[in-house]
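A.B. asks: Fold the following, please.
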Amino acid sequence: MRRNELKQLVDSTSDPSFAVDHEGTIAAWNSAAEDLFGPSEPEALGRRCGDILKGSDECGNFCSDQCTVRQAIAARHPVGNFDLEVETVKGRQWCNVSVLAAEENHSTRPIAIHVVRPVDIRKRLENLVRDFIVNNTSVSPESAFTMISSRTPVQAAELSPRELEILRLLAQGESSKAVAARLHISSTTVNNHVQHLLRKLNAHNRLEAIRRAEHAGLI
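C.D. replies: As a prediction, the model looks like this:
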């Protein structure tokens with residue numbers, strides 16, 4: 001697909017839509033995206049997607065150099081739609097994001113086409129229902145999240161079987177030393193895996209990584 005064809009594809013939808021290349025920069029931007037986010041097409045092209053959207057999910061900041069959507073697209077794995085709170089001309093709003101992969105001519109890496117649909121009222125009602133369930137029943141926050149919330153983009157993260165194994169043990173309250181003993185590896189190796197997990201899940205600490213993985217149904 002040529003760049004002009006990519007632009008035509010993005011322009012063909014009335015929903016806010018834009019294309020992101022393998023480096024995370026905007027390659028196409030339609031007028032509906034301009035209306036929602038603010039920057040015009042010339043202002044958006046070449047900028048990093050995360051710098052414009054400033055996206056976050058229920059676990060905190062999502063947009064980063066370790067974007068799980070880019071990981072999945074690069075590996076040619078399909079990405080289901082997910083909810084993201086983004087910066088718009090009207091302030092922070094929840095939107096549902098669908099992602100399609102498109103092959104670009106003379107490139108070995110696909111481009112990610114994002115189609116965005118504002119769902120702010122629905123998402124806020126969803127969060128209110130979740131909080132009500134947590135505060136008025138014996139259902140755990142993690143279970144309530146799974147019952148109520150939409151898919152999260154963490155499910156696109158490329159976690160190895162060993163990383164998932166370590167993450168599950170950490171979620172059970174095990175220390176790095178205990179995990180190392182159970183898996184017959186060194187504590188240094190465990191800590192290295194943990195650093196990889198934090199990067200892939202865009203988490204700042206172990207607890208955030210565990211919560212984000214639980215919410216996404218990874219563990």
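A.B. asks: CA only for contacts and neighbour counts going forward, please
C.D. replies: Fine.
A.B. asks: low pLDDT regions in the protein?
C.D. replies: Scanning the chain for pLDDT under 70 picks out the ranges 1, 104-107, 141-157, 214-217.
A.B. asks: Where is the longest helix in it?
C.D. replies: Identified as the longest helix of the chain according to DSSP state H is helix 120-136.
A.B. asks: Buried residues of that helix, list them for me.
C.D. replies: Under the neighbour-count criterion of 16 or more other C-alpha atoms under 10 Å, helix 120-136 has 120, 123, 126-127, 129-130, 133-134 buried.
A.B. asks: do stretch 78-85 as well
C.D. replies: Neighbour-count burial for stretch 78-85 flags 79, 81-85 (criterion: 16+ other C-alpha under 10 Å).
A.B. asks: With stretch 87-95 instead?
C.D. replies: Taking 16+ other C-alpha under 10 Å as the basis for neighbour counts, the residues of stretch 87-95 that come out buried are 87-88, 93-95.
A.B. asks: Report the separation between residue 45 and residue 85.
C.D. replies: Counting by C-alpha to C-alpha, to the nearest Å, the gap between residue 45 and residue 85 amounts to 21 Å.
A.B. asks: cool, residue 120 as well?
C.D. replies: 8 Å.
A.B. asks: overlap in contacts of those two?
C.D. replies: Taking C-alpha atoms under 8 Å, 6 or more residues apart in numbering as the contact criterion, the residues that touch both residue 120 and residue 85 are 93-95.
A.B. asks: out of those, who's nearest residue 33?
C.D. replies: Each of the shared contacts of residue 120 and residue 85 was checked against residue 33 using C-alpha to C-alpha; the closest is residue 95, at 12.1 Å.
A.B. asks: what does stretch 37-45 rub up against?
C.D. replies: Stretch 37-45 has contacts (C-alpha under 8 Å, 6+ apart) with 25-31, 34, 52-53, 87-89.
A.B. asks: 10 Å instead?
C.D. replies: In this structure, residues lying in contact with stretch 37-45 by C-alpha atoms under 10 Å, 6 or more residues apart in numbering are 16, 18-20, 25-34, 51-53, 86-91.
A.B. asks: Report the buried members of those.
C.D. replies: Members of these that pass the buried threshold by neighbour count (16+ other C-alpha under 10 Å) are listed as 16, 18-20, 25-34, 52-53, 86-88.
A.B. asks: Which secondary structure state does residue 101 sit in?
C.D. replies: Under the three-state scheme (DSSP: H, G, I helix; E, B strand; the rest coil), the conformation of residue 101 reads as strand.
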